[in-house]
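Student: task: produce atomic coordinates for the following.
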Amino acid sequence: MTPPVRRLTGSGRDPFLAHLLALPPEDIRLRFGTALAPESVAAYAERIDFGTDAVFAVHDDALAVIGAAHVGFYDGGAELGVSVLPGHRSRGLGSALLTRASEHARNRNAARLYMHCLAENDVMMRIARRAGMSIVVSAGEADAHVGVA
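Tutor: Have a look, this model is predicted:
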């Protein structure tokens, strides 16, 4: 069963940040491509424009964010970042978030959905491949993209 994926509004910034800060340090490194202090993660969440970008989330029974995807739009395309808390993995949440983000990018007329990650991020590489994304690996980093228009 596909988990329900909901779009967050600006009032969802704090739950989204709480989700990111609940990630172990290694997951933050894999999500952002480098180790980040909590202050840097908070600054990232604060910079999100919920009117332009989109943040999608999957919640647990207590309505805590257990998986999230941030879709940032740029001229002609969209960039995606996905995270799922360790205790909730292997249940299809990452794939559901990517699918919802791709649909949203298509509805916004983005020509391409782009994802940058470390090549060692096996989980995101597997999700990207299953979604039909083309992956280019160079110098330990990977870029994945798929046309969505």
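Student: what about residue 132, neighbour count?
Tutor: Residue 132 has 10 neighbours, counted by other C-beta atoms under 10 Å. Yep, even glycine has a C-beta here, placed from its N, CA and C like the rest.
Student: how far away is it from residue 40?
Tutor: Between residue 132 and residue 40 the distance is 32 Å, computed by C-beta to C-beta, to the nearest Å.
Student: how about the contacts made by residue 25?
Tutor: Residue 25 sits next to residue 35 when contact means C-beta atoms under 8 Å, 6 or more residues apart in numbering.
Student: other SSEs contacting the helix or strand harbouring residue 80?
Tutor: Per DSSP states H and E: residue 80 is located in strand 77-84. If contacts are counted by 3 or more C-beta pairs under 8 Å, 6 or more residues apart in numbering; DSSP states H and E, strand 77-84 sits against helix 25-32, strand 65-74, helix 93-107, strand 112-118.
Student: can you say which of these is nearest to residue 126?
Tutor: Evaluated over the helices and strands packed on strand 77-84, closeness to residue 126 peaks at helix 93-107, with 8.9 Å, by C-beta to C-beta.
Student: for that closest one, give the mean pLDDT please.
Tutor: The pLDDT scores in helix 93-107 average 91.
Student: for residue 38, which non-adjacent residue is spatially closest?
Tutor: Of all residues beyond its chain neighbours, the one nearest residue 38 is residue 21 (5.8 Å), with distances taken as C-beta to C-beta, 6 or more residues apart in numbering.
Student: so what are the sheet partners of the strand holding residue 80 and their directions?
Tutor: Strand 77-84 sits in its sheet next to strand 65-74 (antiparallel), strand 112-118 (parallel), going by DSSP bridges.
Student: okay if I get the ones you listed as CSV plus mean neighbour count, distance to residue 85 and mean pLDDT?
Tutor: Shown next, in CSV, are the strands paired with strand 77-84 (neighbours: other C-beta atoms under 10 Å; distance: least, C-beta to C-beta, whole Å; pLDDT from 0 to 100):
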stretch, mean neighbour count, distance to residue 85, mean pLDDT
strand 65-74, 22, 5, 95
strand 112-118, 20, 17, 80
